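S.K.: would you be able to build a 3D model of this:
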Amino acid sequence: MEKPTNITDYIHAAPEASQPKLWELLEILRKAAPGAEENLKWGQPALSFQWILFQFAGFKKHVGVYPHPDVVKAFEDRLTDYKTSSSTIQFPLDKPLPSDLIYEIAKYRVRESKEKGVKWK
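M.R.: Below is the predicted model of the structure:
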């Protein structure tokens, strides 16, 4: 299989079980960041303005969202039900996505990026 060159190709090439969640994530992130550039960064879907706002990816048992580490820290008390690291939030495939929470996280990242100029280092 050829290496994906855009988000649609990436989702079609992702594990089949993760594809519905990836489409759902993409829609949530698009609503939070209207007009953001959509492409692949480091092989994963990314939405950007002047710099990367967030990336996301699909796996066999979860989908991951990768906002800036400051964002994960800001929401850590609301992410206790999910596996996280400094810049990763994992949502299991066997549970519904917390759409409202993901939207809120994404809006926070957009605001942080625009107002404070916080970008990946």
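S.K.: top strand in this protein by residue count?
M.R.: Counting by DSSP state E, the longest strand found in the chain is strand 52-58.
S.K.: where do the strands sit along the protein?
M.R.: Taking DSSP E as the criterion, the chain contains strands spanning 37-41, 44-48, 52-58, 62-66, 83-84, 89-92.
S.K.: possible to save these as TSV with mean pLDDT, distance to residue 113 and mean neighbour count?
M.R.: The way it works is simple: take the backbone N, C-alpha and C, and place the C-beta from them, glycine included. As requested, these are exported to TSV (pLDDT from 0 to 100; distance: least, C-beta to C-beta, whole Å; neighbours: other C-beta atoms under 10 Å):
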stretch	mean pLDDT	distance to residue 113	mean neighbour count
strand 37-41	94	13	14
strand 44-48	94	9	21
strand 52-58	94	6	24
strand 62-66	97	14	23
strand 83-84	97	20	14
strand 89-92	98	17	20
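S.K.: closest one to residue 110 among those?
M.R.: Proximity to residue 110 (C-beta to C-beta) singles out strand 52-58 among the strands of the chain, at 6.0 Å.
S.K.: just how off-centre is the longest strand of the chain within its chain?
M.R.: Taking C-alpha atoms, centre = their mean, to the nearest Å, one finds strand 52-58 lying 4 Å from the centre of the chain it belongs to.
S.K.: what's the angle from the helix or strand bottoming out on mean pLDDT in the chain to strand 52-58?
M.R.: Sorted by mean pLDDT, DSSP states H and E, the helices and strands of the chain end with helix 99-116, the least confident at a mean of 91. For helix 99-116 against strand 52-58, the angle by axes from the mean of the first three to the mean of the last three C-alpha atoms, to 10 degrees is 150 degrees.
S.K.: in JSON lines: the strands of the chain, plus distance to residue 101.
M.R.: Listed next are these as JSON lines, based on distance: least, C-beta to C-beta, whole Å:
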{"stretch": "strand 37-41", "distance to residue 101": "22"}
{"stretch": "strand 44-48", "distance to residue 101": "17"}
{"stretch": "strand 52-58", "distance to residue 101": "14"}
{"stretch": "strand 62-66", "distance to residue 101": "10"}
{"stretch": "strand 83-84", "distance to residue 101": "12"}
{"stretch": "strand 89-92", "distance to residue 101": "9"}
